[in-house]
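*Asks:* the sequence and its predicted three-dimensional model are supplied below.
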Amino acid sequence: MTELQKWNTAIEIWGVILFAGFGIMVAFQIHTRREKRNLLLMIVVAIFAVAGFALGELTDASPNPAIYSLCRLGNAVNYGGNFTLLGLLALWVNSEVFSAIKLPFNFRKLVLINYAVMLAFWATNWLTHWLYYFDEAHRYVRGPLYVAVMGICGFELLLALVLQHWYNRKLPPIRFLFYLDLFILLMGVVLQTVFYGLATINIAMIVCILMHILWMQKQATDELIKSEREVAERRYRLQAAGTGLALGRLQPHFLYNTLNTIYYLCGENPETARKAVRSFSHYLRNNMDAMSTLQPVPFEEELEHVKTYLELELVRFEERLKVNYDIGCKDFRLPLLTIQTLAENSVKYGLCEKPNGGTITIQTRRLENGFQIKVLDDGIGFDINRIRERLEQGTTAQVRNRVADMCGGDFQLESHPGQWTCATIRLPETMALEEIQT
């Protein structure tokens, strides 16, 4: 074995190890299915090509018939792998780059014809010896048409390079990576053709596949950063919305009216005043908790918040306010302060404006594909079209956004002036308590 063959063999063995590592990296990376499939296929073919070359170099010029057979096998696998890899790369370039533009001819068909010609030379070489053959000493020797076949490979790569350069402005951003692939492989083909004994095609394959792995790693990192940024932005929006809802509930007139009512009850009915103070304390704590709660809470927890609020309003309005709880199911979660916000809107804008007050109903139902919550009141109602802009900016909009962002649910508001108002929340099946726990 010559010094050059020793170097080639060492490079090819390291190439097999590198390609195996590349394959493991790609298999466990998060990429699009097509990208992963294409790159893994190229890595597998490259392993066979490089291993075949190493086997051919290690067994070259051996007088042992069995080892000579391994030499023939190694060279056959190397040529077939190289031709297949060049064809796969050209097809990948066509699908990722040239599919975005209208070429004057079908590049994919040209690649397939070119590949078929190279495979024909490879498959018949054992009869024709046009690509390579072995002399009497079992030493590998290039065939008479070796340069011509390499020229076909080089023409395909050169044509793809020219097309990329010509249509440069119309190509997607990944074009530069494929541009480098084509250029490096073209240089590998040229050098290996000109300098007998150099294994530059295999070296070029290692470099090209490594570049694609680095590129895919960069894409995965960018996607991770983008995902983390979106999560942070969503977290900020939810926290801002929760803070807005909490602060929105602590309006000065409500605080003043509640404290004034408790002050009056301290002299008239101390026991009721004590209960009102306890309810007011719970109400304030619930609203403060909402500023930092970014996950859905069990419905029963939200229901307790609603009851706390309505107990305070019952102390103020007495017989003018009636509360009806029509609870059909409890085994789900929803954003904190969702129902409480709707209940406060019903009391403030629907029932308070009605001389004789009215009834507010909290209703839950299990649906085939989720859950439904309704907050109904028989107050004065309103014309939604007239105040649509206010609804898109107030607490109703915050409830809609929190239901959508935190639960993937939807919110609907209906009202009939002078008769009733109904706020409906629909949550998906994923908000079931057992679904979340699993």
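*Replies:* Sure thing, it's come through.
*Asks:* in the host helix or strand of Phe48, what's buried?
*Replies:* Element membership for Phe48 (DSSP states H and E) is helix 33-58. Buried residues in helix 33-58, counting neighbours by 16 or more other C-beta atoms under 10 Å, are found at 35-36, 38-39, 42-43, 45-58. Heads up, the C-betas are built off the backbone N, CA and C, glycines and all.
*Asks:* any idea which helix or strand comes after it?
*Replies:* Assigned by DSSP H and E, the successor of helix 33-58 is helix 65-96.
*Asks:* now the element after that next one, going C-ward?
*Replies:* Counting by DSSP H and E, the element that comes right after helix 65-96 along the chain is helix 107-128.
*Asks:* name every strand pairing with the helix or strand just after that next one and say which way it goes.
*Replies:* Where DSSP H and E defines the elements, the next helix or strand beyond helix 107-128 is strand 132-134. Taking DSSP bridges as the criterion, strand 132-134 pairs within the sheet with strand 140-142 (antiparallel).
*Asks:* the partner strand: which residues count as buried?
*Replies:* Across strand 140-142, burial judged by 16+ other C-beta under 10 Å covers Tyr140.
*Asks:* quick one: contacts of the very next helix or strand once past it?
*Replies:* Following strand 140-142 in sequence order, the next helix or strand is helix 146-166 (DSSP H and E). The contact list for helix 146-166 (C-beta atoms under 8 Å, 6 or more residues apart in numbering) reads 83, 86, 90, 93, 97-98, 103, 107, 110-111, 114, 117-118, 121, 130-132, 171, 175, 178-179, 182-183, 185-186, 189-190, 192-193.
*Asks:* let's see it at 6 Å
*Replies:* For helix 146-166, the surrounding residues in contact (C-beta atoms under 6 Å, 6 or more residues apart in numbering) are 86, 90, 93, 114, 121, 131, 175, 179, 182, 185-186, 189, 193.
*Asks:* and it, how far out from the chain middle?
*Replies:* 37 Å (C-alpha atoms, centre = their mean, to the nearest Å).
*Asks:* just the angle for that helix relative to helix 107-128, thanks.
*Replies:* 170 degrees (axes from the mean of the first three to the mean of the last three C-alpha atoms, to 10 degrees).
*Asks:* quick one: name whatever helix or strand follows helix 146-166.
*Replies:* Heading C-terminal from helix 146-166 (DSSP H and E), you reach helix 175-194.
*Asks:* tell me which other helices or strands that following helix touches.
*Replies:* helix 146-166, helix 200-249 (3 or more C-beta pairs under 6 Å, 6 or more residues apart in numbering; DSSP states H and E).
*Asks:* rank the ones you listed by pLDDT, which is bottom?
*Replies:* Comparing mean pLDDT across these, the weakest is helix 200-249, with a mean of 69.
*Asks:* okay, now the domains of this protein?
*Replies:* Domain assignment for the chain, taken from automatic domain parsing, gives 3-227, 251-437.
*Asks:* how about a markdown table for the contacts of helix 146-166, with neighbour count added?
*Replies:* Below are the contacts of helix 146-166 laid out as a markdown table (neighbours: other C-beta atoms under 10 Å):
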| residue | neighbour count |
| --- | --- |
| Leu86 | 24 |
| Ala90 | 27 |
| Val93 | 26 |
| Asn114 | 19 |
| Phe121 | 19 |
| Leu131 | 23 |
| Arg175 | 20 |
| Tyr179 | 18 |
| Leu182 | 24 |
| Leu185 | 27 |
| Leu186 | 19 |
| Val189 | 24 |
| Thr193 | 19 |
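*Asks:* and of the residues you listed, the nearest to Trp14?
*Replies:* Trp14 has its nearest neighbour among the contacts of helix 146-166 in Leu185, at 19.1 Å by C-beta to C-beta.
*Asks:* now do the closest residue to the closest one other than its chain neighbours against Leu85, distance only.
*Replies:* Of all residues not flanking Leu185 in the chain, Ala204 sits nearest, at 4.9 Å (C-beta to C-beta, 6 or more residues apart in numbering). Distance of Ala204 to Leu85, given as C-beta to C-beta, to the nearest Å: 10 Å.
*Asks:* next up, the contacts around the closest residue in space to Met205 that isn't next to it in sequence.
*Replies:* Closest residue to Met205 apart from its sequence neighbours, by C-beta to C-beta, 6+ apart: Ala46 at 5.1 Å. Counting by C-beta under 6 Å, 6+ apart, Ala46 touches 19, 85, 205.
*Asks:* any idea of the pLDDT on Val399?
*Replies:* Reported pLDDT for Val399: 85.
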